[in-house]
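> have a look; sequence and predicted model below, questions after that.
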Amino acid sequence: MLDHHIQRTIVYKLAFSEGMRFSDLKPGELENKAFDYHLKKVIKAGYVQKSDDGLYRLTPEGQLMWRMSQKKSTNADRAYSTLLLAVQRQSDGAWLLYRRRTHPMIGLAGFMHAKPSPDSTSTELAAQVLREQTGLLGKFVVHGHGYFRVFRGGLTEGFTHFTLLRCTEIEGELHQNSELAEYYWDTDPDWQAPDMLPNMQTLHKMLQAPVGSFVEQTFDIE
């Protein structure tokens, strides 16, 4: 774990970037020597690397550490519970997708997600998150559930227990209300495209299956 706020800031900035130069990564009020000291600390810890193009990026270990810090959990073997929201517009069949602006898997697109809460049912929470992040109104039903395991370079990128919810009754205009994602409508998604999250083809197949389907799948990504 990181023991200084500057080191945590370095990882935080890189979690929202595909690569940054020293001058962009360093806070303006901090001296180069002091910042270089902390940058070397996170590099030595294995969380950050400098690429041949001169850009600093999170390593797989850094991405994992960032992800685990956001979950506020130290148990990497415990499945992270999430709701996956499949929203389809009836008028033209378009799917609501989002593109990730943070690690892990920055730049990839998929269905929006929400964290379950003890204070709301999954369908109520799905409608709430949809409204807050996109301005859209919709009603959800539970379609299926399962487990996804994602490995990158032999390291665990994600271990997820998911519930898949579907929404076809949708109202309103799409707005961008989240700094972590870019939402958009896609009338003809390529579920196997390189810029799709690795589970999207599986989730799309689940939506074609009867309600109540269960899937358990492992993905290895580069």
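Perfect, thanks for sending it.

> so for stretch 186-199, mean pLDDT?
The predicted model gives stretch 186-199 an average pLDDT of 94.

> and it, end to end?
17 Å (CA to CA, to the nearest Å).

> ok, residues contacting that stretch?
92-95, 97, 99-100, 105, 107-110, 148, 150, 200-201, 204, 217, 219, 221 (CB atoms under 8 Å, 6 or more residues apart in numbering). In this view, the C-beta of every residue, glycine as well, is placed from N, C-alpha and C.

> elements contacting the helix or strand bottoming out on mean pLDDT in the chain?
Ranked by mean pLDDT, DSSP states H and E, the helix or strand of the chain with the weakest confidence is helix 60-71, at a mean of 76. Packing partners of helix 60-71 (3 or more CB pairs under 8 Å, 6 or more residues apart in numbering; DSSP states H and E): helix 5-15, strand 155-171.

> output the ones you listed as a markdown table; include the columns distance to residue 83, mean neighbour count and mean pLDDT.
Listed next are the helices and strands packed on helix 60-71 as a markdown table, based on distance: least, CB to CB, whole Å; neighbours: other CB atoms under 10 Å; pLDDT from 0 to 100:
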| stretch | distance to residue 83 | mean neighbour count | mean pLDDT |
| --- | --- | --- | --- |
| helix 5-15 | 22 | 19 | 84 |
| strand 155-171 | 5 | 18 | 86 |
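
> can I get those in TSV with distance to residue 32?
Below are those laid out as TSV (distance: least, CB to CB, whole Å):
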stretch	distance to residue 32
helix 5-15	13
strand 155-171	32
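
> between these, which one is closest to residue 119.
Smallest distance to residue 119 across the helices and strands packed on helix 60-71 (CB to CB): 16.3 Å, for strand 155-171.
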